[in-house]
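# predicted model, plus sequence, below.
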Amino acid sequence: PPQPKPAAEKAKAPEPKPAGEKVKPPQPKPAGGKAKPPQPKSLAEKAAEKKEAEKPAAKPAAKQAEPARPKTPAEKAKESAQMSGSIEKPGIDGRNSAADRVVEASLYGNVLISGEVPIMKREGSVVVNVEDTLRSFEDEVDAITFNNSVHNAMRKFARNAVLRKVKGGQSSSSAPDTVAQQRKLQLQQFVQATKVLLLTYEKVYESKEPTDLAMKRMLGPQLQYFVNCMLTKFNFKNRVSVRALKFYADSLLLLGELVKAEEALETAQNIAFQCFNPTDLDLFDILRDRANVLARLGQKEETAGVLEQCLTIIEQLDGEDMLTKESELLNELAQVHGNIGNLSYSNQLLERSLSIQESLFGSQALEICDTLSRLAMLRNKMGEPTQAHSQLQRVMRIQERHDVPRHEFSGTLCNMAAVNAALGEHEKSKVLYQSVLATQEKQYGQWYPEIATTLSNLAMVRMALGEYEEAKDCLERTHKIRSRIYGKNHPLVASTLTNLASVIYTMGDMKKSMQLNEDALEIQKACYPDAHPLVAVTLKNMAMIENSTGNLDRAKTLYERVLMMEELIYGELHPSVASTLNNLADTVLEQGETAKAAVLFQRALETNEIIFGKDHPDIARNLNNLGRAFKEMGDYDGAKTKLNKSLEMKEKRYGEDHINLVPTLMNLGDLFNLTKQPHRAKDVLARGLKICEKKIGMKHPDSAKLLRLLGNSFYLMGDLATSEKLLNKSLDILEGVYEGDHPYILATRADLGACSRPVGTRVF
């Protein structure tokens with residue numbers, strides 16, 4: 001716009017002419033003579049003038065550019081805020097500054113904000129047309145590829161002034177205009193590169209394909225650099241920085257960096273609380289993501305608190321979509337409380353979620369299947385596998401009615417396999433897992449993450465069936481898949497190593513099992529806080545190895561450490577605490593402290609009675625362990641009472657020929673041998689052997705233990721030939737399973753050597 005002239009240069013008004021004086025046009029004078037009167041024009045000249053007059057008037061010549069006027073203080077402040085975010089402006093809608101909103105609109109547009117399409121925004125006296133701002137990037141974004149667009153944008157970003165150090169707002173030139181131009185260039189380059197990077201990550205964010213997972217891992221370091229620039233160099237604290245932190249946390253999770261991921265999400269959460277409305281769905285998403293990471297870190301109380309915040313946001317919003325989100329949140333909250341041990345409250349949350357979904361979609365809709373499956377697995381955890389099985393059958397009927405593809409059935413079939421294992425139907429469980437595995441391999445190939453999960457579950461079932469080599473093969477393949485997808489230092493790789501160590505422990509290779517547990521523990525210490533459930537599991541496995549190799553003091557120390565850790569994580573009333581009390585009692589019992597062992601077994605029993613009630617399968621297991629302690633103490637009547645009660649509960653829950661009856665039958669048979677009742681022992685042990693032969697086969701270690709005890713019964717009856725035959729058969733099985741001088745092998749050899757002694761002199 002034309003600039004106002006200084007006061008000293010004001011135009012002078014034209015001077016008035018004297019009245020009656022006419023202004024004559026100046027006449028050109030011919031050189032060297034007097035002026036001649038004008039000559040009359042020819043007809044041709046008059047026609048040409050007339051034609052020229054009819055033409056449209058020519059536009060005036062463009063004025064020469066005038067120097068820019070000095071900017072007002074308000075304009076300077078706004079430009080500075082846009083460049084660095086260092087100058088605070090009044091908030092808009094209680095969220096963030098006007099300058100931040102301009103930058104936010106430039107970065108987001110109508111691509112990354114679903115349901116919010118800003119077309120025109122007025123920021124003070126400036127109108128921002130977001131459509132025009134983004135139009136130059138649209139074609140580039142549509143054709144994004146990792147190798148070209150992201151790297152080119154980053155190279156351009158790095159080449160220019162973005163990476164030059166501008167100290168205190170000064171550059172090599174101290175002129176204010178030069179500094180402002182440089183800062184503007186920095187921001188423009190940063191906006192372009194950030195937009196390309198965020199949109200690239202957006203395209204692969206939800207994917208589980210191995211190639212996309214690899215791309216996300218590669219984008220992680222670049223996201224870290226851009227996030228640092230946003231928060232430190234440019235001081236962006238808006239929706240853009242929240243989304244960048246969300247993606248950065250996702251990339252950290254792929255690398256197993258759970259603690260760093262949680263810190264990034266906490267930063268995003270704090271920015272969101274400052275800048276977003278209290279009911280903003282982006283705030284809800286960040287809180288939900290953080291809850292997921294906290295759960296994986298084992299911080300269950302904190303997880304429950306963050307999920308409660310999410311629930312508070314959703315309950316303030318209306319609409320069917322919000323009710324759906326509320327039901328999903330209730331499911332997640334139920335999962336957390338189930339892990340804490342609040343099983344009754346978890347059941348209430350799931351029932352509430354199911355009620356919402358059935359009111360929205362009906363009782364035969366696919367949308368209710370996830371909640372029904374969660375309810376089924378909670379029933380299984382509560383010791384009600386029959387009800388769980390019935391619930392899962394309902395899920396399968398709904399899915400079949402809606403023609404769900406086979407590969408989408410996998411989750412339900414895996415849940416059904418887990419329930420079958422709880423019912424003692426390990427063969428059925430194995431068949432289901434194998435079916436799921438074949439479907440997944442056909443659908444996804446050999447390297448899909450879910451295939452590793454199925455293989456791990458299949459390995460546990462094969463282990464229960466005594467198929468240790470097959471279980472080992474499954475877990476080794478799981479390890480290869482997870483190492484390739486996530487890297488060798490990921491928590492899932494550590495969990496696989498722990499499971500593999502359990503199988504190898506059962507096979508008798510204590511040294512290799514300990515090494516695998518130590519490798520897993522090293523990864524877990526780098527990923528988790530000191531008190532974490534999975535760290536406790538690994539330490540517990542290491543304690544079992546120490547116990548089996550005779551290092552009872554070391555085993556006791558490890559169990560006591562695990563007990564303190566679990567009480568810190570869960571409190572005193574939790575199933576994991578009861579399990580560790582049982583294991584600690586076993587070690588104390590082997591040290592000869594029978595009274596102390598009985599106290600620990602009793603505490604474990606009381607803990608589970610408070611959590612589950614008196615009819616849960618864990619109560620039957622606790623009674624079995626307590627009976628064994630009484631047996632070792634010499635209280636045979638007390639032992640008989642506890643063991644008979646345990647057997648009665650198991651028969652009532654599982655039936656007459658369930659595999660879970662075998663430990664109690666084994667202890668009862670040993671008790672009858674000790675009390676010189678070999679005929680009763682023979683009947684009890686033969687029943688257990690028949691169950692093993694039917695359910696897990698005769699090559700299982702439990703079958704070998706029963707054969708040994710049965711051989712002792714025949715020895716007491718005086719049938720030394722049958723006793724020796726049974727003991728040799730037991731030894732063959734054990735030597736096929738375990739390596740070296742395993743305690744079971746040594747005990748069986750000692751029994752064989754005692755067969756030459758007279759009956760009545762043998763010590764059991």
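That came in fine, so what should we check first?

# wasn't Gly697 part of a helix?
No: counting by DSSP: H, G, I helix; E, B strand; the rest coil, Gly697 is not found in a helix; it is coil.

# give me the nearest residue to it, chain neighbours excluded.
Closest residue to Gly697 apart from its sequence neighbours, by CB to CB, 6 or more residues apart in numbering: Gly466 at 5.8 Å. In this view, the C-beta of every residue, glycine as well, is placed from N, C-alpha and C.

# isn't the one you found up against Ile696?
Yes: using CB atoms under 8 Å, Gly466 is in contact with Ile696, at 5.2 Å.

# overlap in contacts of those two?
Listed as contacting both Gly466 and Ile696 by CB atoms under 8 Å, 6 or more residues apart in numbering are 702-703.

# quick one on the thing from earlier: in what helix or strand does the residue nearest to Gly697 lie?
Following DSSP states H and E, one finds Gly466 outside all helices and strands.

# in contact with it, which residues?
696-697, 699-703, 737.

# state the distance from it to Val242.
53 Å (CB to CB, to the nearest Å).

# if we can go back for a sec, top of the contacts of Gly466 by neighbour count?
The residue in these with the most neighbours, by other CB atoms under 10 Å, is Ser703 (24 neighbours).

# how far off centre is stretch 532-541?
The chain centre lies 19 Å from the centre of stretch 532-541; the measure is CA atoms, centre = their mean, to the nearest Å.

# closest one to Leu432 out of the contacts of Gly466, please.
Leu432 lies nearest to Ile696 out of these, by CB to CB, at 17.3 Å.

# surely that closest one is in contact with Ala464?
Yes: Ile696 is within contact range of Ala464, at 7.1 Å (criterion: CB under 8 Å).

# can you list residues touching both of these two?
With CB under 8 Å, 6+ apart, Ile696 and Ala464 have common neighbours 426, 659.

# now the strands: where do they sit in the chain?
If DSSP state E is used as the criterion, the strands of the chain fall at 91-92, 96-97, 120-123, 126-129.

# comparing those by mean pLDDT, which bottoms out?
Comparing mean pLDDT across those, the lowest value falls on strand 91-92: a mean of 30.

# quick check: Thr324 vs Asp683, distance?
To Asp683, Thr324 is 58 Å away according to CB to CB.

# same thing with Ser579?
From Ser579 to Asp683 the distance is 32 Å (CB to CB).

# more neighbours: which of the two?
Set Ser579 next to Asp683 and count neighbours by other CB under 10 Å: Ser579 wins out with 19 against 15.

# tell me who's in contact with the more buried one.
Shown in contact with Ser579 (CB under 8 Å, 6+ apart): Ala604.

# make it 6 Å
If you count contacts by CB atoms under 6 Å, 6 or more residues apart in numbering, Ser579 has none.

# what does Gly688 give?
662, 665-666, 706.

# roughly how far apart are Met322 and Ser251?
According to CB to CB, Met322 stands 30 Å off from Ser251.

# of these two, who's got more company?
Ser251 (24 against 17).

# burial count for Gln348?
14.

# next one, pLDDT for it please.
Per-residue confidence (pLDDT) for Gln348: 93.

# run the chain-centre distance for stretch 687-697.
Worked out by CA atoms, centre = their mean, stretch 687-697 lies 40 Å from the chain centre.

# I'd like the average pLDDT over that stretch.
In this model, stretch 687-697 has a mean pLDDT of 87.

# pull out the buried residues from that stretch.
Residues 687-689, 691-692, 695-696 are the ones in stretch 687-697 that count as buried (16 or more other CB atoms under 10 Å).

# cool, stretch 649-659 as well?
649-651, 653-654, 658-659.

# list just the nearest of these to Tyr744.
Ile659 (18.9 Å).

# what ranges do the helices span in the stretch 151-300 of the chain?
151-159, 176-204, 210-228, 239-254, 258-275, 281-296, 300-315 (DSSP state H, counting those that start in this stretch).

# pick the most buried one from those helices.
Ranked by mean neighbour count, the helices of the stretch 151-300 of the chain are led by helix 239-254 with a mean of 24 (mean count of other CB atoms under 10 Å).

# what packs against it?
Judged by 3 or more CB pairs under 6 Å, 6 or more residues apart in numbering; DSSP states H and E, the packing partners of helix 239-254 are helix 98-108, helix 210-228, helix 258-275.

# out of those, flag the one nearest Glu470.
So among these, helix 210-228 is nearest, using CB to CB, at 25.5 Å.

# can you give me the angle the closest one makes with helix 239-254?
On the basis of axes from the mean of the first three to the mean of the last three CA atoms, to 10 degrees, helix 210-228 is oriented at 130 degrees to helix 239-254.

# return the helix or strand in this protein with minimum mean pLDDT.
Counting by mean pLDDT, DSSP states H and E, the chain has its least confident helix or strand at strand 91-92, which shows a mean of 30.

# and Gly550, how close does it get to Ala750?
Distance of Gly550 to Ala750, computed by CB to CB: 15 Å.

# which residue packs closest to Cys369, ignoring adjacent ones?
Leaving aside its sequence neighbours, Cys369 sits nearest to Val395 (CB to CB, 6+ apart; 5.0 Å).

# kindly report the same for Arg406.
Spatial nearest neighbour of Arg406, excluding adjacent residues (CB to CB, 6+ apart): Thr439 at 5.3 Å.

# so that neighbour sits against His407, correct?
Yes: contact criterion CB atoms under 6 Å: Thr439 and His407 qualify, at 5.1 Å.

# more crowded one of these two?
More crowded of Thr439 and His407, by other CB under 10 Å: Thr439, with 18 against 13.

# read off the pLDDT value for that one.
Looking at Thr439, the pLDDT reads 90.

# check contacts around Leu497.
Per CB under 6 Å, 6+ apart, neighbours of Leu497: 516, 519-520.

# now, which of those residues sits nearest Leu375?
Ala520 (32.3 Å).

# and that closest one, how many neighbours does it have?
Neighbours of Ala520 under the rule other CB under 10 Å: 26.
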